[in-house]
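In: Got a predicted structure here, sequence first:
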Amino acid sequence: MPQNVVLYASVGEVLTRYEVDVAAATLTERESVSLPENVQYAWPHANRRFLYVATSDSATGMGAQGTSHHLTGFAIDPASGRLSEQGPRVVLPHRPIHMATDIPSRHALVAFSNPGGLQIYRIENDGSLGTEVPQPSGIDVGIYPHQVRATLDNKHVILVSRGHDPSAGKPEDPGALEVFAYQDGVVGRETAVAPNKGYGFGPRHLDFHPTRPWIYVALERQNALAHFAMRDGTVGPEPLSTVPTLADPDKPRPRQLVGTVHVHPSGRFVYVANRASGVVEDSGQKVFNGGENNLAVYRIDESTGAPSLIQHVDTRGIHCRTFHIDPSGRILVAAHIMGLPVRHGNTIEQIPARLSVFRIAADGTLGFVRSYDVELGGKSLWWMGMVTL
């Protein structure tokens, strides 16, 4: 019986297709395609017939900017999910940290972090990428944009700008949600949502409630989840609530960060990744320092939208950078970018990079099913996502 859900996962510049059996909670590895550089992010067309992939040879974070960056369109075979290039690649000016399409997928939205920027490209009727859409000069993209999303009514675009913690005598760079009016590929009037002028506010990713005017924002630098209201295109200036994401919020370890946030398709639950990859010297090698690699699960109050914690579950790997919920809401797959040695009592065990599969129960809680180890060859399992065919 043909699969109707596929999973794509990247290791460096290689993007691999997995068949997904949602009922059995299994993944079956199939063929791969190679991109011109390391995959940064990918996003499917609204019709699920195309996939757009942003790539770069840049280092992550504030490292070297590299020289080669692209946006590539793929056609998705409707029976198998196999990928074949669709149209010409678009050359990008810098490393793209995130990309998405607007709601009807008439345009591709690309966010850049270093230097910060936002560029928008047309998507042609055949699914191929078209020309860049000129934007107003002088738009404020904030400090270190990390995600771009169109609101569900397609009338606004939100650029999630994380800022930076203070370090080495350098003061904190404030974070913000930069909210732009949006029409036909062009951004307009901008409003910055920056509680406390953005200080102590480090947003990384957001997701929208599917039916109610609520936005859930993962605060990377604070290890917290904030919940905002959005009315008539206006995001509230202050969060309605903010809750910690860590199981032990009073003892964060070095390199302990919040990652991706996803709302369940039912709108009843929201999930946040806690990711850690700090190391200490141990027996002559660098060993994981014991931070939290788990998923925080929250129930959403149907009247107020407030999230309340119901579970922390170990992701069974190191540094879960991306995770995804299948469109039916029955399984969740967590992708870990790396492996590390981990001490267990008197022994040190090498934990590999892996894809971890969980069932989602009716009450939103997660039950671990199995994991699939992934060979990295010195690269990273950087991005993963599922698409319904």
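Out: Good, I have the coordinates. It should be emphasised that the depicted structure is a prediction, and the values quoted were computed from it without experimental measurement. Numbers count the residues shown, from 1 in each chain.
In: From now on I want contacts and neighbour counts done on CA atoms only, so please keep to that.
Out: OK.
In: domain parsing for this protein?
Out: 35-201, 205-370 (automatic domain parsing).
In: nearest to N4, of these?
Out: domain 35-201 (7.7 Å; CA to CA).
In: Compute the first-to-last residue distance for the closest one.
Out: This stretch, domain 35-201, spans 35 Å end to end (CA to CA, to the nearest Å).
In: can you check stretch 112-127 too?
Out: Note: stretch 112-127 ends 23 Å apart using CA to CA.
In: That stretch: which residues count as buried?
Out: 112-114, 116-123, 127 (16 or more other CA atoms under 10 Å).
In: Please report the distance of P252 from V369.
Out: For P252, the distance to V369 (CA to CA) stands at 28 Å.
In: Mind checking which of the two has more residues around it?
Out: P252 (17 against 13; other CA atoms under 10 Å).
In: From N274, how far off is the more buried one?
Out: Remark: distance between P252 and N274 (CA to CA) = 11 Å.
In: which ones are touching the closest residue to P252 other than its chain neighbours?
Out: Leaving aside its sequence neighbours, P252 sits nearest to G291 (CA to CA, 6 or more residues apart in numbering; 7.0 Å). Residues counted as contacts of G291 (CA atoms under 8 Å, 6 or more residues apart in numbering) are 252-256, 275-278.
In: Can you pick out the most distant pair from these?
Out: Spatial extent of these (CA to CA) is set by the pair P252 and S277 at 12.0 Å.
In: Show the backbone phi and psi for S283.
Out: phi 60, psi 40 (degrees, to the nearest 10).
In: quick one: pLDDT of it?
Out: Predicted confidence (pLDDT) for S283: 85.
In: Can you give me every residue that contacts the residue at minimal distance from the centre of the chain?
Out: Taking CA atoms, centre = their mean, the centroid of the chain lies closest to T260, which sits 4.8 Å from it. Counting by CA under 8 Å, 6+ apart, T260 makes contact with 204-206, 218, 272-273, 321-323.
In: what about 7 Å?
Out: With contacts defined as CA atoms under 7 Å, 6 or more residues apart in numbering, the neighbours of T260 are 205, 218, 272-273, 321-322.
In: What of H344?
Out: For H344, the contact set (CA under 7 Å, 6+ apart) is empty.
In: Next SSE downstream of the one helix or strand L177 maps to?
Out: According to DSSP states H and E, L177 maps onto strand 176-183. Sequence-wise, the next helix or strand downstream of strand 176-183 (DSSP H and E) is strand 186-193.
In: So which elements touch that next one?
Out: Packing partners of strand 186-193 (3 or more CA pairs under 7 Å, 6 or more residues apart in numbering; DSSP states H and E): strand 176-183.
In: Just checking the distance from the strand it packs on to the centre of its chain.
Out: 19 Å (CA atoms, centre = their mean, to the nearest Å).
In: go on, stretch 267-284?
Out: 15 Å.
In: residues in contact with that stretch?
Out: Contacts for stretch 267-284 (CA under 7 Å, 6+ apart): 209-210, 246, 254-264, 286-289, 291-300, 318-321, 364.
In: from these, which would you call buried?
Out: Buried members of the contacts of stretch 267-284, scored by 16+ other CA under 10 Å, are 209, 246, 256-264, 287-289, 291-300, 318-321, 364.
In: how about low-confidence regions in the stretch 1-150 of the chain?
Out: 1-3, 61-64 (pLDDT under 70).
In: And the strands in it?
Out: Remark: strands assigned in the stretch 1-150 of the chain by DSSP state E, counting those that start in this stretch are 5-11, 14-21, 26-34, 38-44, 50-56, 69-76, 83-85, 90-91, 96-101, 107-113, 116-123, 129-132, 145-150.
In: Reduced to three states, what does R221 come out as?
Out: At R221, secondary structure determined by DSSP: H, G, I helix; E, B strand; the rest coil is helix.
In: excluding its backbone neighbours, what's nearest it?
Out: G202 (5.0 Å).
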